[in-house]
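Q: What would the 3D arrangement of this be:
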Amino acid sequence: MEPVSAGFVAAVIPCLDEEDAIGPVVAAVRAQGVDEVIVVDGGSRDRTAERAASAGARVVTEPRRGYGRAIQAGISGLPPAAEIVLFLDGDGSDPAERIPDILAPIRAGRADFVLGSRIRGEREKGSLSPQQVIAGHLADVLLRLFYGAHFTDMSPFRAIRREALERLGMREETYGWNLEMLMRVAAARLRAEEVPVGQRRRAGGVSKVSGNLRASFAAAWSIGTTFLRLAAELRRDARTRRIQDARP
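A: Got it, this is the predicted structure:
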């Protein structure tokens, strides 16, 4: 396939009470040539929205809690010109200098979706909790078994062509959103690549998931049950489409 144009890139960054980190994160993302940065504030009680706007982001407010809801609010606010959508967290843990590596396969016309793997990249000590590593390995095993796809992580740091994103039909409203996207990308047989990006310790805010053994088992259980539920939904959707396509 011929290389595509550089394309208008819009970043979506969900945030909640991350005033210490969000300004530098927005500045770092803009420094990589991203055309527009959309920060979705999930009802912060601090100055997250104010500092994001001061750094040059467009702030969208989503008062309902839920990671997927915040992401969908950001997607709804995309400008018409956006051709590539970039996702990352607002706590400073995703290294913005790796944005060109994530965008490169899409810009070259090789991929529709690119995942930045924290597992494969260089990680600062303590940057990933045990349950995040376990969840990544578990998701990889399930994706291989069900779809023959290989993703080593469920990192939020990712990019996708907007046209491909709109065809996926994302629905999840909570933390299952990242897993749902990997499953829908795999089920749709989109051209996908993974690049190592590593991970830093968060620069601000408080982790919404505690890092202990009990939480690790709870995360693994949640990933497994969410995967099976979504897999059933995808099979049902595919069956419905086949029936509709077969109608005269």
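
Q: Show me the longest helix that occurs in this protein.
A: helix 213-246 (DSSP state H).

Q: now that helix: mean pLDDT?
A: The predicted model gives helix 213-246 an average pLDDT of 79.

Q: Which elements pack onto it?
A: The criterion is 3 or more C-beta pairs under 8 Å, 6 or more residues apart in numbering; DSSP states H and E, and the helices and strands that helix 213-246 contacts are helix 130-147, helix 177-187. In short, each C-beta sits where N, CA and C put it, glycine included.

Q: Between helix 177-187 and the first one, find me the angle.
A: For helix 130-147 against helix 177-187, the angle between stretch directions is 20 degrees (axes from the mean of the first three to the mean of the last three C-alpha atoms, to 10 degrees).

Q: Where does pLDDT dip in this structure?
A: When the per-residue scores of the chain are filtered using pLDDT under 70, the ranges that remain are 1-6, 204-220.

Q: Just want the angle from the longest strand along it to helix 177-187.
A: With residue count as the measure and DSSP state E as the assignment, the chain has strand 8-15 as its longest strand. Between the axes of strand 8-15 and helix 177-187, defined by the same axes, to 10 degrees, the angle is 140 degrees.

Q: And strand 8-15, what does it pack against?
A: helix 19-31, strand 36-41, helix 48-54, helix 67-76, strand 82-87.

Q: Please name the residues that touch residue 92.
A: 21, 24, 25, 200, 202, 203, 204 (C-beta atoms under 8 Å, 6 or more residues apart in numbering).
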